[in-house]
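Engineer: Below is the sequence, then the predicted model.
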Amino acid sequence: MAMARFKDLVLDAVDAQLLGRFWAQALRLDWHVQDNGDGWLNGPTPRHTIWINQVPEPITAKNRVHFDVYATSLAELEALGATVVESQSRWTVMADPEGTLFCAFLRDQVPPDRLHGLVVDSTDPVAIATWWAGVFRAPVEISPQGWATVPEIPGIPMVTMDFNRCRNRRP
């Protein structure tokens, strides 16, 4: 039995309405707003819930956790308010309307679940992935390039949690 179970994803936003509408369209989910300005996205099952909470602070640094999403074109995401930040060989780094980074993976046909992965930057991706795999009692796959993936997490609204290497920016 797992030590924990996945509950929901939560995004912070200065303008929860703006981000709620963007992510609802980008992920093909339904947007629901609450009286206090917060809201949530939901889809075909309860595991597809993403809460968007309004906060007073704008983004001031690169986010260490981001989504990997499927799309048929970058123009589709740009029309929703995303901007291209950097092109890679297999994906494109983009920013949502508030500047939160995510990666777009283009496909001729996208699956019904457009959210592929939750990606975490880490100074030790293998150790962190192994820890999360233990928490969820899921397998861990370690690449020769140093990144790691945890697939098959029960109840998670995406295919994988991925862990990439980043430099420690603390002094």
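Structural biologist: Sure, I can see it. Bear in mind that the values here come from a model prediction, so they are computed numbers and not experimental data.
Engineer: same for the strand or helix carrying residue 127, what does it pack against?
Structural biologist: According to DSSP states H and E, residue 127 maps onto helix 125-136. Counting contacts by 3 or more Cβ pairs under 8 Å, 6 or more residues apart in numbering; DSSP states H and E, helix 125-136 packs against strand 148-151, strand 160-165. Bear in mind the C-beta positions are built from the backbone N, C-alpha and C, glycine included.
Engineer: show me where the protein has helices.
Structural biologist: For the chain, helices defined by DSSP state H occupy the ranges 16-27, 74-80, 125-136.
Engineer: For stretch 24-35, the averaged confidence score.
Structural biologist: Averaged over stretch 24-35, pLDDT sits at 96.
Engineer: Give me the contacts around that stretch.
Structural biologist: 16-17, 20-21, 23, 39-43, 48, 50, 69, 71, 77, 80, 82, 96, 112, 114-115 (Cβ atoms under 8 Å, 6 or more residues apart in numbering).
Engineer: Please convert the buried members of those residues into ChimeraX selection syntax.
Structural biologist: Buried subset of those, written as a ChimeraX selection, criterion 16 or more other Cβ atoms under 10 Å:
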select :16,20,21,23,39,40,41,42,43,48,50,69,71,77,80,82,96,114,115
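Engineer: Next one: residue 1 relative to residue 75, how far apart?
Structural biologist: Per Cβ to Cβ, to the nearest Å, residue 1 is found 46 Å from residue 75.
Engineer: Who has more neighbours out of the two?
Structural biologist: Remark: of residue 1 and residue 75, residue 75 carries more neighbours, 10 against 4, as counted by other Cβ atoms under 10 Å.
Engineer: Would you mind measuring from that one to residue 104?
Structural biologist: 11 Å.
Engineer: Can you check which residues contact both of these two?
Structural biologist: Contacts common to residue 75 and residue 104, judged by Cβ under 8 Å, 6+ apart, are absent.
Engineer: Need the helices and strands packed on helix 125-136 in JSON lines (columns: distance to residue 64, mean pLDDT and mean neighbour count).
Structural biologist: JSON lines is the format used below for the helices and strands packed on helix 125-136 (distance: least, Cβ to Cβ, whole Å; pLDDT from 0 to 100; neighbours: other Cβ atoms under 10 Å):
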{"stretch": "strand 148-151", "distance to residue 64": "15", "mean pLDDT": "96", "mean neighbour count": "22"}
{"stretch": "strand 160-165", "distance to residue 64": "10", "mean pLDDT": "95", "mean neighbour count": "21"}
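Engineer: Now for the residue nearest the centre of the chain: which residues touch it?
Structural biologist: What sits nearest the mean C-alpha location of the chain, by Cα atoms, centre = their mean, is residue 67, with 2.1 Å. Residue 67 sits next to 102, 103, 115, 116, 117, 118, 119, 158 when contact means Cβ under 8 Å, 6+ apart.
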